[in-house]
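**Q** need a structure here:
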Amino acid sequence: MRVALIDDHAMFRTGVRAELEKAGIDVVAEAGDVDSALAAISETVPDVVLLDVHMPGGGGLEVMRRLPSRIDTTFLALSVSDAAEDVIAIIRAGARGYVTKSISGDDLADAVRRVAGGDAVFSPRLAGFVLDAFAGTFEIAEVDEDLDRLTEREREVMRLIARGYAYKEVAKELFISIKTVETHVSSVLRKLQLSSRHELTRWATDRRLI
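**A** Residues are numbered from 1 along each chain as shown. I've put the predicted structure just below:
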């Protein structure tokens with residue numbers, strides 16, 4: 001089993017590589033941005049690409065969009081985000097599964113093997129988003145329009161803050177400074193014309209983003 005690990009956090013990649021190799025899975029390539037990911041995947045042609053949704057240069061969707069069709073590989077999204085529109089978009093683009101970064105090492109190795117074998121794999125509750133979307137009962141156009149105002153990093157910060165994370169916890173989760181978290185929160189509130197974390201939580205809850 002040969003895997004490429006695409007994530008913009010080097011420390012996270014190191015941890016995931018250790019867990020996968022412990023399970024007998026060979027990590028043949030790593031990358032931290034879209035261009036490097038395309039080069040690494042094209043060169044190694046892994047069985048499975050573990051792909052972060054939000055990265056510099058366009059994120060996981062951009063990797064999938066730009067990868068030549070001749071490259072035969074399977075995508076498994078691995079992200080801190082469990083927002084409905086992220087899950088739906090990456091699955092529509094062709095990924096075989098979507099798991100969150102809270103997954104255990106053993107479960108991640110199992111997910112890699114399963115998608116390589118043709119199964120669809122999702123973290124708990126995420127499968128419902130996909131079923132709703134393809135059944136036509138979930139509309140994401142409004143969500144997309146609102147989120148277009150935010151950068152990818154601002155979206156990540158927004159979701160964690162809306163879930164009740166403290167600034168220190170957000171900084172640790174995303175490998176950024178507390179000051180950077182504060183800057184992103186101020187920008188999110190300004191762009192969405194909200195005045196408090198309470199309003200942000202209600203905004204995100206109404207749109208099924210948390």
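
**Q** model confidence over stretch 160-174, on average?
**A** Throughout stretch 160-174, pLDDT has a mean value of 90.

**Q** Name the residues of it that are buried.
**A** Neighbour counts over stretch 160-174 (16 or more other Cβ atoms under 10 Å) mark Leu160, Ile161, Ala162, Tyr165, Tyr167, Val170, Ala171, Glu173, Leu174 as buried. Just so you know, the C-beta spots here come from the backbone N, C-alpha and C atoms, and that holds for glycine as well.

**Q** What is the burial count for the residue nearest to the third one when sequence neighbours are not counted?
**A** By that I understand Ala162. What sits nearest to Ala162 in space, not counting adjacent residues and going by Cβ to Cβ, 6 or more residues apart in numbering, is Ala204, at 3.8 Å. Using other Cβ atoms under 10 Å, the number of residues around Ala204 comes to 22.

**Q** what's the spacing between the helix or strand where Ala204 lies and its chain's center?
**A** In the assignment (DSSP states H and E), Ala204 maps to helix 197-206. Mean-position distance between helix 197-206 and its chain equals 21 Å (Cα atoms, centre = their mean, to the nearest Å).

**Q** who does it touch, helix- and strand-wise?
**A** Other helices and strands packing on helix 197-206, by 3 or more Cβ pairs under 8 Å, 6 or more residues apart in numbering; DSSP states H and E, are helix 152-162, helix 178-191.

**Q** and the angle from the first one to helix 197-206?
**A** Yep, that's helix 152-162 we're talking about. With axes from the mean of the first three to the mean of the last three Cα atoms, to 10 degrees as the basis, helix 152-162 and helix 197-206 are set at 100 degrees to each other.
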